[in-house]
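In: Just need the structure, nothing else, for what follows:
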Amino acid sequence: MKEGKIVGFIHSGISVKNLETALEFYVDILGLKLLSTQVADSDYIFDIVEIPGLKEIKIAFVEVPGGHVFEILEYVGVDTYPGNARSCDYGTGHICLQVENLEEMFESLSAKGVRFKSKKVANITAGANKGSKAVYMLDPDGYIIELMERGK
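Out: Numbering: from 1, shown residues only. Now for the predicted structure:
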């Protein structure tokens, strides 16, 4: 028997309170590409997630320019609770999206009511991303999204 090993990356996922609200943010505001939507209610999904009382999962797949796909999931039929939104707490994650014209994007998104953890665009002065700029913003459910403009 062959030994198992990791051979690639398929997608990452984010659980949300309301799929429609999340799609308004990720697709309409951020401009990511909606690939598909579906409702998962087959036995296999219940075997994977093991959540008693789950009725279904509303799912959307969106694509970031460059090809990374992430799955947005709304769990239906069970009580859900917000995750922790402090970036220092274990179990908390974030995604980082590469952008152009970060200063302009920060102002534009702020004007549209998007919430940011960062008070301003930070200039990265050390480390692997020296010369880049970045901010942390929050999706409608408080999930952290880093926007980074790569340095020259």
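In: lowest-confidence helix or strand of this protein?
Out: helix 43-49 (a mean of 89; mean pLDDT, DSSP states H and E).
In: Per the annotation, how does the protein divide into domains?
Out: 12-76, 94-149 (automatic domain parsing).
In: so the residue nearest to Ile45 when sequence neighbours are not counted bridges to which residues?
Out: Distances taken as Cβ to Cβ, 6 or more residues apart in numbering put Ile57 closest to Ile45, at 6.1 Å, once the chain neighbours are dropped. (Each C-beta comes from the backbone N, C-alpha and C, glycine too.) Beta-bridge pairing for Ile57 (DSSP bridges): Ala40, Tyr75.
In: Just give me how far the helix ranked longest in the chain sits from the chain centre.
Out: Looking across the chain with DSSP state H, the single longest helix is helix 102-111. Chain-centre distance of helix 102-111: 18 Å, with Cα atoms, centre = their mean, to the nearest Å.
In: For the very next helix or strand once past it, name the packing helices and strands.
Out: Next along the chain after helix 102-111, taking DSSP states H and E as the criterion, comes strand 122-123. In terms of contacts (3 or more Cβ pairs under 8 Å, 6 or more residues apart in numbering; DSSP states H and E), strand 122-123 is packed against strand 133-138.
In: For the strand it packs on, name the packing helices and strands.
Out: helix 102-111, strand 122-123, strand 144-149.
In: which regions of the protein sit below the pLDDT cut-off?
Out: 84-85 (pLDDT under 70).
In: who's sitting farthest from the centroid in it?
Out: Met1 (37.0 Å; Cα atoms, centre = their mean).
In: on that earlier part again, what's the closest of the helices and strands packed on strand 133-138 to Leu19?
Out: Shortest distance between Leu19 and these, using Cβ to Cβ, is found for strand 144-149: 17.0 Å.
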